[in-house]
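A.B. asks: What follows is a predicted structure for the sequence shown.
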Amino acid sequence: MSRFAPSLLWLPVALLLALPPRPAAAYLTVTADTDRSEVEINGSLYLTVQVAGDSSNVPEPKIPNMQNFNIYSSGRSQNISIINGKITTSVTFTYMLSPRFIGMQRIPSISVSNGKESAATREIEITVTKAAAAQPRQQTARPTQSRVGRAAAQRQAKAGSQIFLKAETDKKSAYPGEQINLSVKFYTSVPLTSNPQYMQPALKNLLAEDLPPVRSGETDLSGLRYSYSEIKTALFALTPGTAEINPATVIAQVPSNEPLDPFDANFFQKFMSMSGMQGKSREFSTDKITLEIKPLPKGAPADFSGAVGKYTVTASADRQDAKTGEAINFSITVAGSGNLKAVTAPKLPDLADFKVFDTMSSLDVRKDGDLINGKKTFTYILVPRAAGSKTVPAVTFSFFEPESGRYRSIQTKALALNVAKGGQEAKSVYFNPSGAAPQVTASGSDIRYVSDVPRAGPVADSADGINRLPQWLHLFPAVLLLCTFWLSRFNRFKSANPLLFRFRQARGEAARDLAETEALIKAGKTAEAVSLLYDSFMDYLSDKCGIKVSALTIKKAVEAIKQRFPGVGERSIAEISELWSALELRHFAPSAAEPEGARDLAKKYSLLIEFLEKELKKK
Amino acid sequence: MKKIFLICILVLPSAAAAFDRSELTEFNDLYRNGRYEEALEGYNKVTAREPANPWGWYNAGNAHFRLNRPGPAIFNYARAFKLNPRAADIRFNLEFALRQTGQKLVPESVPKALYYLYYLLSEGEIKALAICFFWIACLAGAAGFLLDGAKSGTAAARTALLGGVICVAMLAWLGARMTSTFSYAGVVTREGGTKLLSGPGANFKTYASAPEGKLVKILDWTDDDYYEIGLPKEGIKGWALKTEVEKI
């Protein structure tokens, strides 16, 4: 026992060593900041939440429910740095906030958690002030409305419309991918009894991007004071041809102008609805707008991949000095105005000196001045293959510029890198040098790719084939089941009641014997015929009386018939005795069996059976 | 001669499959190059010709999704899901598209494994299995009656009983699926959502709206122009234009 004691003492120590090491310090951090601390009620501000961690995957922040702000996601950008094989990731999430209430408003603490660690930001205070004076606001609102749109609104106002909805675009024709701003304005000169409900227009051949916040203000149209709310949307056409903006709709509860008749049958109902300020539901729609989408001019550069807008392109590396086998972060940033979501990565030139790993793209979209702009960064991991002075050549990015109507090709600057010879440990890139298996983590999400599978599959095809069978065919097994059930019951009855079964079958068997006798007589075999008749008669009486043929005598047969069938008369009994005697005579004295006599016996036998069957049924 | 005939029999189906594959690959190439509208036209042809092929619906859903049309995308994914609920890609994309519209494929109160078990087979497959087990039960029952009293008869009777029980279980499963989210259901496909009216006509009051991509229950489809639809979670029902809601 004492020999094992030291090894037992080591067990807890070994267990402790086997436990995974606790992180020495928390690496997950989150910070939040706004681009301003004071904002007007009709303005907006940007909230930037930066989450940083020591792995290639950092969690998304949980944005708390904010009643005092409307929140719009405005993109995300990611930065990964790999130093000595250790990854530091920082993801910046941008949100656009438009305030809902005046006064001191708080953006609550925003938390992140990766399951092991948690972090939270501090609260941010924002002062929301009143909008600037009515006159200047009107002036700022006016430039967003074209002269044509204002004239149309004036016409509606002159026509006496108290409430109306107007939609207009800032241009009537555009190239695919060029930004078109749609403005939908809801005017009312009467107070509404509830918040109106806006239904976006259906778009054809267009992609939409919201341009928050909802602007509101007051304006004079044909001498009437109107309140208005404006919703703006950036649109991008998909293909040349025509694009359509179908009517937008607003459903509003407007006060009812119907006079109240005290003698009306529904007086109380109407009175109650008045007191509850439940107006009449009305629907307002805009006109359909058709846009001309011009085709892009011919002569696109070979590397043009559909980017439309006004862009700049830059390339950068996270360091200029590296060792062979070490990872260098190489980023290409496309910045400018246009539909950045549709911008694809520029084609990298041939980089024979490097192993290239695609990593991710990050997007930072801004909507300042109702213009979709920002930057999209494509990040690659470059691993130098050999030591020396290496160059990453210039990267070309081509786009179409709608303003000038021309294609433009721009280039990044070539990047020079000094690569030293790496050690043994630098031969491979390890994103996680701790020794544990590197984790595969998602940096974003998207739908899965289309399928090349041409058929539904054998299981589905078989099921389809079975379901297509005619319905009546399924009656077959059911009918078969019923038939076999009946047959089984019949067989059971037969084996359970052999006497009764013999009693019921006796007449049929006698009839068959009679037919056979006729055939024998015709064939001149009178003796065989009489013999068959005799046997048949014995069998018949045996079946009817329930007595074995070997034990059957006239006396026993008569007694049994009288006992079992009291309804059988004396005449029948006499006939039985007479036929029995005649058959016995001819059976045991074959010389007396003449054909005529045999035929008479068969006839007598037949008549007797007919007569007996009737008599036996009497109770 | 026999060999030539055999080769023809073996080669013809594979040649037909190769033709189909190249056709689908052609549409997928359009999709790959960002020509989603053209790819969608192709996928629509496939679904019109082979409505029981889930991959046509799935690919059409992808094209709609890329064109920023969540309603039609969810409708197409839901069709594909009904035909092949086991396909991981179909389930993933349906779940993804539903999440984009604030909905969930797996209800929070239901364990995921149980939900996947519930949707292990399509309705067509359950029906086909119920038919198969009905045949097995009847034929084994008939054999049992014919071999009444024999050992093999008892075995046949047991098989019949088991087949009958499974057939009833399949029918119960099918019945339960008839009340599930994707049976007698539709998707709001109109961009911007649909209005819920209090009756089947434009003269009725609008009292609610359902956003694009919302999965709804179709309660009545007998009217020519309107469906009566229900939103069970919200406890709302109303009438919506048939052009704005697609029946799955």
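C.D. replies: Ah, there it is. Remember, predicted model here, so these are calculated numbers, not experimental data.

A.B. asks: Can you name every helix or strand that the longest helix along chain A contacts?
C.D. replies: Using DSSP state H to define each element, chain A has its longest helix at helix A:498-522. Under the contact definition 3 or more Cβ pairs under 8 Å, 6 or more residues apart in numbering or on different chains; DSSP states H and E, helix A:498-522 sits against helix A:526-545, helix A:595-616. (Each C-beta comes from the backbone N, C-alpha and C, glycine too.)

A.B. asks: quick one, that helix and helix A:595-616 angle?
C.D. replies: Regarding helix A:498-522 and helix A:595-616, their directions subtend 160 degrees when assessed with axes from the mean of the first three to the mean of the last three Cα atoms, to 10 degrees.

A.B. asks: next one: helix A:498-522 to chain centre, how far?
C.D. replies: The chain centroid and the centroid of helix A:498-522 are separated by 75 Å, computed with Cα atoms, centre = their mean, to the nearest Å.

A.B. asks: where do the helices sit along the chain?
C.D. replies: Went with chain A since none was named. Under the criterion DSSP H, helices of chain A are mapped to A:5-18, A:134-141, A:147-158, A:267-275, A:458-467, A:475-496, A:498-522, A:526-545, A:554-564, A:570-588, A:595-616.

A.B. asks: wait, chain B
C.D. replies: Listed in chain order, the helices of chain B (DSSP H) span residues B:2-32, B:36-49, B:54-66, B:70-83, B:88-100, B:112-118, B:123-146, B:151-178.

A.B. asks: Mind putting the ones you listed into CSV with mean neighbour count?
C.D. replies: Converted to CSV, the helices of chain B look like this (neighbours: other Cβ atoms under 10 Å in any protein chain shown):
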stretch, mean neighbour count
helix B:2-32, 12
helix B:36-49, 18
helix B:54-66, 26
helix B:70-83, 27
helix B:88-100, 19
helix B:112-118, 11
helix B:123-146, 21
helix B:151-178, 15
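
A.B. asks: what's the least confident stretch among the helices of chain A?
C.D. replies: Ranked by mean pLDDT, those end with helix A:134-141 at the bottom, a mean of 41.

A.B. asks: For stretch A:407-425, the averaged confidence score.
C.D. replies: For stretch A:407-425, the mean per-residue pLDDT is 83.

A.B. asks: From residue A:376, how far out is residue A:336?
C.D. replies: Residue A:336 sits at a distance of 10 Å from residue A:376 (criterion: Cβ to Cβ, to the nearest Å).

A.B. asks: Between those two, tell me which one has more neighbours.
C.D. replies: Under the neighbour definition other Cβ atoms under 10 Å in any protein chain shown, residue A:336 and residue A:376 were set side by side, and residue A:376 has more, 24 against 18.

A.B. asks: Point out the most buried one among the helices and strands packed on helix A:498-522.
C.D. replies: Stretch with highest mean neighbour count among those: helix A:526-545 (a mean of 21; mean count of other Cβ atoms under 10 Å in any protein chain shown).

A.B. asks: Quick one: distance of that helix to the chain centre.
C.D. replies: 82 Å.

A.B. asks: What lies in contact with that helix?
C.D. replies: A:502-503, A:505-507, A:509-510, A:513-514, A:516-517, A:520-521, A:547-549, A:552, A:556-557, A:560-561, A:564, A:576, A:579-580, A:583-584, A:586-587, A:590, A:593-595, A:598, A:601-602, A:605, A:609, A:612, A:616 (Cβ atoms under 8 Å, 6 or more residues apart in numbering or on different chains).

A.B. asks: Where does pLDDT dip in chain B?
C.D. replies: Counting by pLDDT under 70, the ranges of chain B that qualify are B:1-22.

A.B. asks: So for the chain, the centremost residue is which one?
C.D. replies: Just going to use chain A. Taking Cα atoms, centre = their mean, the centroid of chain A lies closest to residue A:447, which sits 11.8 Å from it.

A.B. asks: looking at chain B here, not the other one
C.D. replies: Short answer for chain B (Cα atoms, centre = their mean): residue B:82, at 1.7 Å.

A.B. asks: I'd assumed residue B:182 was in contact with that one.
C.D. replies: Yes. With contact taken as Cβ atoms under 8 Å, residue B:82 and residue B:182 are classed as touching, separated by 5.5 Å.

A.B. asks: what do those two both touch?
C.D. replies: Both residue B:82 and residue B:182 are in contact with residue B:248, where contact means Cβ under 8 Å, 6+ apart.

A.B. asks: Domain map for chain B?
C.D. replies: Listed domain ranges for chain B are B:2-113, B:123-177, B:185-247 (source: automatic domain parsing).

A.B. asks: Let me know whether the last one sits next to chain A.
C.D. replies: Read it as domain B:185-247. Yes. Figure legend: domain B:185-247 in contact with chain A (Cβ under 8 Å from any Cβ of the partner chain); contacting residues B:190-193, B:195, B:205-207, B:209.

A.B. asks: and what of the shortest one?
C.D. replies: Yes. Using Cβ under 8 Å from any Cβ as the criterion, contacts between domain B:123-177 and chain A involve B:124-125, B:127-129, B:131-132, B:134-135, B:138-139, B:141-143, B:145-146, B:148.

A.B. asks: Pull up the distance across that domain, start to finish.
C.D. replies: 7 Å (Cα to Cα, to the nearest Å).

A.B. asks: Out of the residues of domain B:185-247 next to chain A, who's the most crowded?
C.D. replies: Each of the residues of domain B:185-247 next to chain A was scored by neighbours using other Cβ under 10 Å; the highest score is residue B:195's, at 24 neighbours.

A.B. asks: Apart from its neighbours in sequence, what residue is nearest that residue?
C.D. replies: Nearest in space to residue B:195, with sequence neighbours left out and distances taken as Cβ to Cβ, 6 or more residues apart in numbering or on different chains, is residue B:206 at 4.6 Å.
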